Structures are given as C-alpha cells and as structure tokens.
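Student: got a structure for you, letters missing:
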C-alpha cells in the first residue's frame, strides 16, 4: 500500500500531462486554422510591479506571418521589439489596462504606421484582447482595405454630390414593389422641398409640383412600368413665391433576371436658368424686332446674321429678301472709314462713327453707326451688335437751320446798311 500511492500519483500526473498535451494540441489545431492572428502575451513588470511590456509566449501561423517572424521566431520576444515604434506603446498600455481590470479590449481601426516596400504607410487593424489568468490573449484583423474603401467611397460620394451640384443634376429611383422613391440631395435642392418621413410618392409630388404637373410625372412612371421604354418629360412648378422653376426628368426602367420591370431610376436636371434665358432672349428679340431703331448682328468676319425690320427698311431690303450672309462693308461708301470703325470696335469693345451708307438701290445717306463687341464666357469675341441712326432728316434740319441763320444774317446786314446810309444822309444835310 505504501508503494501503491506514489505509483497512483505518478499515473495521475502522467495522465494529467497527457490530457494537458492533448488540450494544447487541440488548442494549436484550432488556432492554426484561424485566418486572423492570435497571440498569448504575459506581462513584464518593473520593480514596482507596473507592466512595462509583454512577452510573446505564443502566436499562431497568421500572427507569425503578420509579424514577419515565421517558425516561432517571435516566441520570447518583447512586444515592443516586435511592433512598429508608434504602435507598440499604445498597445502595451491597452493590454495592461485589460490585464488590470479584466475589461475586454475592443479597438477598431487602430492605425499602425509600417514600412511597406521601404516606404512608410499606415495600415488599420481591429484589435481585440481578453485577460486569461495572468496573460492576455489578443487577436487582430487587418481592415486597411475596408478603411481605404470606405474613404474612397466617401470621396466618391463627395465627388458625386459636387458633380451633381455643379451640373445641377440629381438622381432618383422608384421601387415598384414598395411604391417608394428615393431622391438624392441635389434633387431635393432642385425641388426646393424635402419629402417627409414615410411620405407617399404621390403626396410628395403633389406638394412639390402641384396637382397638374404631379399627374404628368406619375403618368410617366406608370407608362415606364407598363411599356419599359425610356422617356423624358419637362416639368414646371413654383419653387418659391414668384419663382418659376423648370426641370427635365429622365425615366429609365430596371429589370430583374427574368426581364420583369421592378424599378425605375433616372435623373432630374434643373433647366431653370436655360428656360429663363430663353424667355429673356425671346422678350429681347421681340423688343428689338419691333424697335424703330435699326439693329443688326454680324459675325466676326463682318457677315450679317440678323437684322430687324427697321434695319431692313433703312437699307432698302425687300421684305422677302434675306439679309443673312450680307457683308456690312458692302453697304458703306467710304470703306476705309468703315474698316477703321470696325477695328476700333474690336480693339476697345465699342465704337461710334458717322458714315456714308448705301442702300440696296444705290442711293446714299448719312448715318451714325454704333458697334459693341459681344464676347463668350471665356472672353473671346463672337459677335458684333450694331445700331444705325439715319442722319438724313437731321442733316436737312441742320441745313435749313443754317440757311435760315444765313438769311437772317443777310437781312440784318441789309438793315444795318440802310440805317448807315440814312445816318450819312442826315450828316450831309
């Protein structure tokens, strides 16, 4: 019996060791199958008991590869020896806090500045750690691709928003199954009103466009769902009191794998400035067309592209005869004077001169010409706008006035002569 107890103790010890060995093998088998690194770290304390570093006791293959220490070469090393200088101290402090408090460490997108291809580069990791006895078990995952992808996505979304803002075009979509629509930020800016949370499409369109235009937009959605054709419609609404807005809506069907239309996507383009400019141009043209002042437009070669009715009458054009393509130079008697006048307009942007003009029938008249150079948004000259004032009546009035003045002068001289004669006669008497 005295010999049996030690034998039993030895057997139990051996069995325990074997069980521990099998447990370690199973642990290694499990950890070696992990894609993420996993390490076991034991604290290194100073003489006062404070944790100043951790010893790398174990790491799976993924951990060794991440640290570039394959085959257990990292075992026994200090954590500060293995980690990049800017990352190690922060991790030691975080692991020490977990060891002291027992609170698991959860740190997402932890930045680590590493050397890649000889150049420093930042990578990001999601780090997790848990206290186990007097050790810390930690794992981490490289999320650099996700972080960079999210940053690229944010930049792309910013670029898209900026492009839509500059281009004044937003995008929208409509889900046929839910009858719900989504609108980009630019569409909401163009509309001048935000959809309420959970607001039905019909209600939002009625509030945005008014009943009549809303019905047209809803009809376009229904038609696109029915026939599967792409279409455009122009819509008009009151964006604010006194402000009429216009937009061009594009409708494009989306189909599933079986070819069924399940949704519609499209764009809304703000064309308010275009329509306002067109209306202004129409109003201006109507005013110019009906003006009593002769007005014409020429390209930079001096060929006519427009003349109002007053200009046609002034230069003697038949109502059915086109003026487009006619050279302005051909209707001036003193062509050198006209060329100087054109040169002054191009150099200074404006010129005015009195010229002798020739009508279609060959008769001549005096006119006052005024020219202004029109430039594009880049400052390049593209057109010359000219107005013409017929000086014929003015010159006739000036001549009549001069003749009247001369007649009065002669009359006064005659009267003065008579008076002088009478004074001389009285002197002799």
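Tutor: Alright, I've got the coordinates. This one's a predicted model, so the numbers in the text were calculated from it and none came from an experiment. Numbering: from 1, shown residues only.
Student: quick one: pLDDT of residue 101?
Tutor: Looking at residue 101, its pLDDT stands at 94.
Student: any low-confidence regions in this structure?
Tutor: Scanning the chain for pLDDT under 70 picks out the ranges 1-25, 27-28, 115-118, 407, 412, 414-429.
Student: where exactly do the helices run in it?
Tutor: For the chain, the helices defined by DSSP state H occupy 4-32, 61-66, 79-82, 88-101, 144-167, 185-191, 201-209, 211-227, 272-289, 309-314, 335-348, 392-428.
Student: just put those in a markdown table and tack on mean neighbour count and distance to residue 248.
Tutor: Backbone N, C-alpha and C define where each C-beta goes, glycine included. Converted to a markdown table, these look like this (neighbours: other CB atoms under 10 Å; distance: least, CB to CB, whole Å):
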| stretch | mean neighbour count | distance to residue 248 |
| --- | --- | --- |
| helix 4-32 | 10 | 61 |
| helix 61-66 | 18 | 54 |
| helix 79-82 | 18 | 61 |
| helix 88-101 | 17 | 55 |
| helix 144-167 | 12 | 12 |
| helix 185-191 | 20 | 11 |
| helix 201-209 | 18 | 14 |
| helix 211-227 | 15 | 12 |
| helix 272-289 | 12 | 9 |
| helix 309-314 | 19 | 35 |
| helix 335-348 | 15 | 38 |
| helix 392-428 | 10 | 51 |
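Student: between these, which one is nearest to residue 374?
Tutor: helix 335-348 (10.8 Å; CB to CB).
Student: by contact count, what packs against that closest one?
Tutor: strand 350-358, strand 364-375, strand 381-390 (3 or more CB pairs under 8 Å, 6 or more residues apart in numbering; DSSP states H and E).
Student: select, out of these, the one closest to residue 86.
Tutor: Nearest to residue 86, of those and by CB to CB, is strand 364-375 at 56.9 Å.
Student: that closest one: partners in the sheet, and parallel or antiparallel?
Tutor: strand 350-358 (antiparallel), strand 381-390 (antiparallel) (DSSP bridges).
Student: what about the nearest residue in space to residue 146 that is not next to it in sequence, how many neighbours?
Tutor: Distances taken as CB to CB, 6 or more residues apart in numbering place residue 124 nearest to residue 146, at 8.0 Å, with adjacent residues excluded. Neighbours of residue 124 under the rule other CB atoms under 10 Å: 17.
Student: apart from its neighbours in sequence, what residue is nearest residue 168?
Tutor: residue 270 is the one closest to residue 168 (CB to CB, 6+ apart), at 4.0 Å.
Student: in TSV, list the helices and strands packed on helix 335-348 along with distance to residue 263 and mean neighbour count.
Tutor: Below are the helices and strands packed on helix 335-348 laid out as TSV (distance: least, CB to CB, whole Å; neighbours: other CB atoms under 10 Å):
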stretch	distance to residue 263	mean neighbour count
strand 350-358	57	16
strand 364-375	46	17
strand 381-390	45	18
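Student: sorry, back to before: can you redo the helices of the chain as JSON lines with distance to residue 120?
Tutor: Below are the helices of the chain laid out as JSON lines (distance: least, CB to CB, whole Å):
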{"stretch": "helix 4-32", "distance to residue 120": "31"}
{"stretch": "helix 61-66", "distance to residue 120": "17"}
{"stretch": "helix 79-82", "distance to residue 120": "18"}
{"stretch": "helix 88-101", "distance to residue 120": "15"}
{"stretch": "helix 144-167", "distance to residue 120": "14"}
{"stretch": "helix 185-191", "distance to residue 120": "37"}
{"stretch": "helix 201-209", "distance to residue 120": "51"}
{"stretch": "helix 211-227", "distance to residue 120": "53"}
{"stretch": "helix 272-289", "distance to residue 120": "49"}
{"stretch": "helix 309-314", "distance to residue 120": "73"}
{"stretch": "helix 335-348", "distance to residue 120": "58"}
{"stretch": "helix 392-428", "distance to residue 120": "83"}
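Student: to residue 261, which of those lies closest?
Tutor: helix 211-227 (5.5 Å).
Student: now for the closest one, which elements pack on it?
Tutor: Using 3+ CB pairs under 8 Å, 6+ apart: helix 211-227 touches helix 201-209, strand 231-240, strand 243-255, strand 261-270.
Student: now those as JSON lines including distance to residue 177?
Tutor: Shown next, in JSON lines, are those (distance: least, CB to CB, whole Å):
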{"stretch": "helix 201-209", "distance to residue 177": "13"}
{"stretch": "strand 231-240", "distance to residue 177": "21"}
{"stretch": "strand 243-255", "distance to residue 177": "12"}
{"stretch": "strand 261-270", "distance to residue 177": "7"}
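Student: among those, which comes closest to residue 279?
Tutor: Of all the helices and strands packed on helix 211-227, it is strand 243-255 that lies closest to residue 279, at 9.4 Å by CB to CB.
Student: centroid-nearest residue for this protein?
Tutor: Closest residue to the average C-alpha location of the chain: residue 163 at 2.6 Å, with CA atoms, centre = their mean.
Student: please consider this matter closed, and thank you.
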